[in-house]
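> What follows is a predicted protein model with its sequence.
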Amino acid sequence: MKPEIDLEKCIGCGGCMAVCPLTPKVIELREVEGKGKKAVAVHPETCDGGGACVHACPTGAFRLVE
């Protein structure tokens with residue numbers, strides 16, 4: 001499983017990064033042109049499909065996909 005992030009819903013709060021137990025972190029906050037800081041999956045290959053990011057996101061911007 002890999003995280004899919006809706007950048008229109010993401011508010012860049014970093015909650016997803018805070019709860020991700022993996023190293024390296026699957027998610028980082030990065031500047032996205034014209035949208036400000038957003039969560040970006042920079043190491044999706046390390047995702048274990050645990051869903052902590054999905055549950056931590058206050059706007060529902062995350063979902064896990066195959």
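Thanks, I have it.

> rest of the way, CA atoms for contacts and neighbours
OK.

> Just give the number of residues close to E33.
Other residues within reach of E33, judged by other CA atoms under 10 Å, total 8.

> before we move on, what about the one 5 residues further on?
By the other CA under 10 Å criterion, the neighbourhood of K38 contains 23 residues.

> With adjacent residues omitted, what lies nearest to it?
In this structure, K38 finds its nearest non-sequential neighbour in G12, 4.5 Å apart by CA to CA, 6 or more residues apart in numbering.

> For that neighbour, which three-state class applies?
Secondary structure, DSSP: H, G, I helix; E, B strand; the rest coil: G12 is coil.

> That one is in contact with I27, isn't it?
No. Applying CA atoms under 8 Å, one finds G12 not in contact with I27, separated by 11.0 Å.

> Mutual contacts of the two, please.
Taking CA atoms under 8 Å, 6 or more residues apart in numbering as the contact criterion, the common neighbours of G12 and I27 are A39.

> Let me know the pLDDT of M1.
On pLDDT, M1 comes in at 89.

> Can you tell me how far it is from E8?
M1 is 21 Å from E8, where distance means CA to CA, to the nearest Å.

> ok, the two, which is more surrounded?
Neighbour comparison, M1 and E8: the larger count goes to M1, with 15 against 10 (by other CA under 10 Å).

> what number of residues lie near the residue nearest to K38?
Neighbours around G12, by other CA under 10 Å: 19.

> tell me the contacts of the closest residue in space to G14 that isn't next to it in sequence?
In space, and not counting its chain neighbours, G14 is closest to L29: 6.8 Å by CA to CA, 6+ apart. The contact partners of L29, by CA under 8 Å, 6+ apart, come to 12, 14, 37-40.
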